[in-house]
Each structure stands twice: as structure tokens, then as C-alpha cells.
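Asks: when you get a sec, could you give me coordinates for this:
(one chain, ligands or ions: 1)
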Amino acid sequence: MEKSLKDVAIIMDGNGRWARNRHRPRIWGHVRGAHVVSEIVESSSDLNLNSLTLYAFSTENWSRSKEEVYFLFKLLDKFLDREKEKILKNNIQFNVLGDYSFLPEKTLKKIINLKSLTSVADGLKLNFAFGYGGRKEIIDAVNRYIELNPNKAIDLESLENNLYDSSLTDVDLIIRTGGDLRISNFLLWQSAYSELFFTDTFWPDFSKTEFEEILKNVSIRERRFGGIGKVLSFDNQKIIAKKHSDSLVSEVKSLEF
Ligand code: FPP
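Replies: Residues are numbered from 1 along each chain as shown. The predicted structure is shown next:
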């Protein structure tokens, strides 16, 4: 795979609609979605990605029903139990991005435990964005900086050092499932030069096959990071310029008045 696609993030959308299409409650879609999470984590680890960041609970998701919100907390708890061994076996480093202090005590303990058990793992870095909002992350970073440096202006590097995960400052690719074409407050800072890929597939129908297909498709895009991409050598530019000079001269002349 192309070297540049190493840090990938996913907005896992469409669980509710997937369930509704099957005349099931919304949480049905989340349950199926959690199984897809396992499959994509495994695939990312097999593909040797640096990091996979999953948008699992946003600062805006609080506007859902209490039952659904609580269910998502429980699902995370169960996920930690179910996937712990696999995470350890596959040398995955587990991390949570966001302000997730609202989670039940027992879930917080499981997170702390898994984070510490995997802190030296050097395989895939798996980030669960939970209680996460991109705007809040930037505000939190600025406030953390001001607290330590009250009279100093913040610069790019200082801001990046104060993000939730200072090693994740740029994401190569953001995939969104579920058909909507927006970023929804996800990784606002880190997505400055991300490639974006939107698929209509609802998250519970997403698969390793589609994931790998997307990575393959995106890896052949040219990423210019504000530059002008691959540039011909000066000699080659001269040869091409000579070849086209006659037609260009007449074209320019025709524009003169
Ligand atoms: C968006 O779909 C999905 C979420 C807000 C939750 C994401 C959760 C999972 C993928 C399940 C796995 C999570 C854990 C914690 C292991 P939606 O409900 O907004 O779908 P809709 O747009 O069709 O209504």
C-alpha cells in the first residue's frame, strides 16, 4: 500500500437507518456496528496502518435519547471486555480521545487498564473518539497552553503539542459511511490536508473488503499539500516548451489587441 496512507479515521454513520430499514430499534444497528468495528480494527492492524481513529461518541450525541446514549456507554464497556485479548495479542495500542469522564466508573477503570497494558505496544494505534468534538479539542488545547504560558502567544507547534493526542497531528484519510457529505466536528485540526472518502454504505454493512478497496482507490490520488505536485525537470520543461512554443506564440498573438 502507498506509504502516505498511514493514519486513517472513520465517521461510522448509518447505524440507525440500517436498523430502521429492518424494522428494528436503533440500538440494533449499534450492536451490529460494534462487530464491524472489530473487523476494521483487525484489518487495519493487518495492513500495518499507524493509526485508526473511530468516531464513536461525539459531543453532539448527547442530544439523543437517554436510553440510546446509555446504551452506547454499555456497548463500549462490552467492547472493551470482548476485544481486550485480541488487542493485546495483536500488539495494538489502545487510546481514547475526548472528554469521557462522564463514563461509568467501571468503564473508566477498564479504559485506564487497557491503556496502561498497551502503552508500549508498537503496532496499530487504535483511538476511540468518545465524548469528542473537534472544536472542543482545539479550545481545550489552547486553554491548556495558556494555563502554563499565560503571557505567550500560541504557535502551531504548541497547539499541536496540546491536542488530545500530540502524536496524531495529521490524518491521511477520513472515511464517512452512511451517505452524508460532512465532517461533523471530527478531527478539525488534523484533517487540514486529509483525503476524504464518502460511501453510501451504512456502517453495519461496511466490511473489510470495502475498507481495503477505499484505501486502494485513495492511495493513487496525488496529494500535493498546497504545492504543485510532481514537477518535471527543468530540461524536460524546456523540451516541452519548445514543442509548444509555435502554437503558443500564435495563440498569444491572437489574444493581443
Ligand atoms: C452513527 O450512526 C453512529 C454513532 C453515533 C455511534 C457509533 C457507534 C458504533 C459504530 C458502535 C460501536 C461503538 C462502540 C462504542 C464499540 P447513527 O446512529 O447516527 O445512524 P443514523 O445516521 O442512520 O441515524
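Asks: where does pLDDT dip in the stretch 1-150 of the chain?
Replies: In the predicted model of the stretch 1-150 of the chain, residues 1-3 satisfy pLDDT under 70.
Asks: now it against the ligand: closest residue?
Replies: When scored by CB to the nearest ligand atom, the stretch 1-150 of the chain has Gly16 as its residue closest to the ligand, at 2.6 Å. Every C-beta, even on glycine, is put in place using the N, C-alpha and C of the backbone.
Asks: ok, which stretches of the stretch 1-150 of the chain are strands?
Replies: Taking DSSP state E, counting those that start in this stretch as the criterion, the stretch 1-150 of the chain carries its strands at 7-11, 51-58, 93-97, 125-132.
Asks: ok now do Phe102, which residues does it touch?
Replies: For Phe102, the contact set (CB atoms under 8 Å, 6 or more residues apart in numbering) comprises Gly131.
Asks: what's the spacing between it and Thr59?
Replies: When CB to CB, to the nearest Å is applied, the distance between Phe102 and Thr59 equals 11 Å.
Asks: identify the contacts common to the two.
Replies: In terms of CB under 8 Å, 6+ apart, Phe102 and Thr59 are both contacted by the residues Gly131.
Asks: and Asp99, backbone torsions?
Replies: Torsion angles at Asp99 (phi, psi; degrees, to the nearest 10) stand at phi -100, psi 100.
Asks: I figured it was touching Lys136, is that so?
Replies: Yes: under the contact definition of CB atoms under 8 Å, Asp99 touches Lys136, with a separation of 7.1 Å.
Asks: before we move on, the earlier item: give me the nearest residue to the residue of the stretch 1-150 of the chain closest to the ligand, chain neighbours excluded.
Replies: Closest residue to Gly16 in three dimensions, ignoring its sequence neighbours and counting by CB to CB, 6 or more residues apart in numbering: Arg26, at 4.3 Å.
Asks: so the one you found sits against Trp18, correct?
Replies: No: Arg26 lies out of contact with Trp18 (CB under 8 Å); the separation is 9.1 Å.
Asks: so what sits against both of Asp99 and Lys136?
Replies: Overlap of the contact sets of Asp99 and Lys136 (by CB under 8 Å, 6+ apart) consists of Thr59.
Asks: related to what we said a few turns ago, name the residue in Arg26 and Trp18 with the higher neighbour count.
Replies: For Arg26 against Trp18, the residue with the higher neighbour count under other CB atoms under 10 Å is Trp18, and the figures read 24 against 17.
Asks: so how far is Arg32 from the more buried one?
Replies: The value you get for Trp18 to Arg32, if CB to CB is used, is 7 Å.
Asks: list residues touching both of those two?
Replies: Common neighbours of Trp18 and Arg32 (CB under 8 Å, 6+ apart) are Pro204.
Asks: thinking again about what came up before, any chance of the strands of the stretch 1-150 of the chain in JSON lines, plus distance to the ligand and mean neighbour count?
Replies: What follows is the strands of the stretch 1-150 of the chain, written out as JSON lines (distance: least, CB to the nearest ligand atom, whole Å; neighbours: other CB atoms under 10 Å):
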{"stretch": "strand 7-11", "distance to the ligand": "8", "mean neighbour count": "24"}
{"stretch": "strand 51-58", "distance to the ligand": "4", "mean neighbour count": "23"}
{"stretch": "strand 93-97", "distance to the ligand": "10", "mean neighbour count": "22"}
{"stretch": "strand 125-132", "distance to the ligand": "7", "mean neighbour count": "24"}
